[in-house]
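**Student:** Kindly generate the corresponding structure for this input.
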Amino acid sequence: MEFLIILAIIFLLLALTRIFTVILHEMGHAIAGLILFNDQISIYVGSYGDPKKGIHLRIGRFTIHFKYNPFLWNHGLCTTTSTHMSFSQGYIFTIAGPLTSFLVSTACLYILIFSESHGALKLVSIFLFFSSIIDFFQNISPNKNPIMLHDGTLTYNDGQSLRLLREYRHVYKEITLLSQYYTNNEIEKGILFFEQVYSIQPDPNILRLGIALNMKGEHYKTAITLFDGFAGKCELSAEDYCNYALAYSFSGDHQIALDLYEESLKMNPEAFFSLNNRGYTLNILNRYEDAIADFDKAIELNPNFAYAYNNRGLSKIKLGKIKAGLNDIEKSMNIDDKNSYAYKNLGIYHKDKREYGEAMGFFLQAQNLDPKTDGLNELIRETERELKDSQQKHHHP
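**Tutor:** Have a look, this model is predicted:
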């Protein structure tokens, strides 16, 4: 019994230490941001930018958001509303988190080696040292796998962000402005600026953002043309192949898309976006069993990947596993209640059951969340026709 109590205390200390060092890491970013910028700084503990369903503390320009579920507090995010930062400011803001973790681990190591402090303090220092050093190496080591934020945009861990900052230092201003156009949905302005800048500075990082802007603006043929030129000049990354495939998929060329997803996964078998997107394409081709295998792997790699749960839910429903499929979609919506594809798939479920009124309700909710949801407008038109035909049959037997 005494052993179990000791074991429980150790696990509790581990959990509390992980939460504490995550907060310290994000506070490193926040303090740097408060010094460097005059804008709002926000920390999210337990989410990647979700301000809902949590506790919020605000002091002046600083806000910290805690999710209600403390089991999620093993990761966090620090953001700023500043849209005008220099390269040096961006670099300092990014490196401040890992640097804080390193300083905490160094202080703990000093206490363990040189201090004659009480045993309890040394015990706490041991936990803090290992947790901080884990945070440091996890964040400072570049990870090419992107992180999906709550608003659907992508970012990277600190190490990869620092590497990218160094890589496009000479075009930092152009990259920053293009990113702002993308984030603010000023797509046509962004594309125009891209065309002007790229003709003068044909940098691959500028080209990537130009492709992203065309993808977001649904100019898929243009995106494919740009990718074709890109492939002839530079070595494509796993993420490049994923986006290349997505452009073909949205253009209806699904076999080419599958081939490109295969290239992406050869380069990085843990590219969970490629796995999810390939599964989405397999769903379109009615290859539901194959799709589920991809979604299973994507969820294994990223257990909070809302889109993979949602897409797997549709696969299961199409295979007749209704309860399991609806559970997956519900899980997806619990993770991200702004996921328009979840509402779209619920609409498909009701449409297949010929419950056209319910289907239309979900399709319109999806449209309200994201009018550009793939295939949604066609589903709405089909459902309107089927609903009209159903009503006419009902009134004219």
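**Student:** after the longest helix along the chain, next one along is what?
**Tutor:** Taking DSSP state H as the criterion, the chain has its longest helix at helix 2-36. Toward the C-terminus, helix 2-36 is succeeded by strand 41-45 as the next helix or strand (DSSP states H and E).
**Student:** Please name every helix or strand in contact with that following strand.
**Tutor:** helix 2-36, strand 62-67, strand 76-80 (3 or more CB pairs under 8 Å, 6 or more residues apart in numbering; DSSP states H and E). Placement of C-beta: from N, CA and C, glycine included.
**Student:** Would you mind checking the average pLDDT for it?
**Tutor:** Strand 41-45 comes out with an average pLDDT of 94.
**Student:** now it, how far from the chain's geometric center?
**Tutor:** Distance of strand 41-45 from its chain centroid, counting by CA atoms, centre = their mean, to the nearest Å, is 16 Å.
**Student:** contacts for it?
**Tutor:** 19, 22-23, 26-27, 29-30, 33-34, 50-51, 61-67, 73, 76-80 (CB atoms under 8 Å, 6 or more residues apart in numbering).
**Student:** Quick one: residues contacting the spatially most central residue of the chain.
**Tutor:** Closest to where the C-alpha atoms of the chain average out (CA atoms, centre = their mean) is M148, at 0.6 Å. Residues counted as contacts of M148 (CB under 8 Å, 6+ apart) are 48, 154, 273, 305.
**Student:** hmm, back to that, list buried residues within the contacts of strand 41-45.
**Tutor:** Buried members of the contacts of strand 41-45, scored by 16 or more other CB atoms under 10 Å, are 19, 22-23, 26-27, 29-30, 33-34, 50, 61-67, 73, 76-80.
**Student:** K388: what's it in contact with?
**Tutor:** Contacts of K388 were listed using CB under 8 Å, 6+ apart, and none were found.
**Student:** what's the spacing between it and Y349?
**Tutor:** 21 Å (CB to CB, to the nearest Å).
**Student:** still on that earlier bit, next one: the longest helix of the chain to chain centre, how far?
**Tutor:** With CA atoms, centre = their mean as the basis, helix 2-36 stands 23 Å off its chain's centre.
**Student:** now it against strand 76-80, angle please.
**Tutor:** Counting by axes from the mean of the first three to the mean of the last three CA atoms, to 10 degrees, helix 2-36 lies at 10 degrees to strand 76-80.
**Student:** now for helix 2-36, which elements pack on it?
**Tutor:** Where contact means 3+ CB pairs under 8 Å, 6+ apart, helix 2-36 is packed against strand 41-45, strand 76-80, helix 87-114, helix 119-140.
**Student:** by how many degrees do it and strand 62-67 diverge?
**Tutor:** Using the same axes, to 10 degrees: helix 2-36 against strand 62-67 is 150 degrees.
**Student:** contacts for the helix or strand where I175 lies?
**Tutor:** I175 belongs to helix 172-183 when assigned by DSSP H and E. If you take CB under 8 Å, 6+ apart as the criterion, helix 172-183 is touched by 83, 85-87, 90, 153, 165, 168, 186-187, 189-190, 193-194, 197, 201, 203, 205-206, 209-210, 212-213, 216.
**Student:** so what secondary structure elements neighbour the next helix-or-strand element following it?
**Tutor:** Remark: after helix 172-183, the chain's next helix or strand is helix 187-200, criterion DSSP H and E. Packed against helix 187-200, as judged by 3+ CB pairs under 8 Å, 6+ apart, are the following elements: helix 172-183, helix 204-216.
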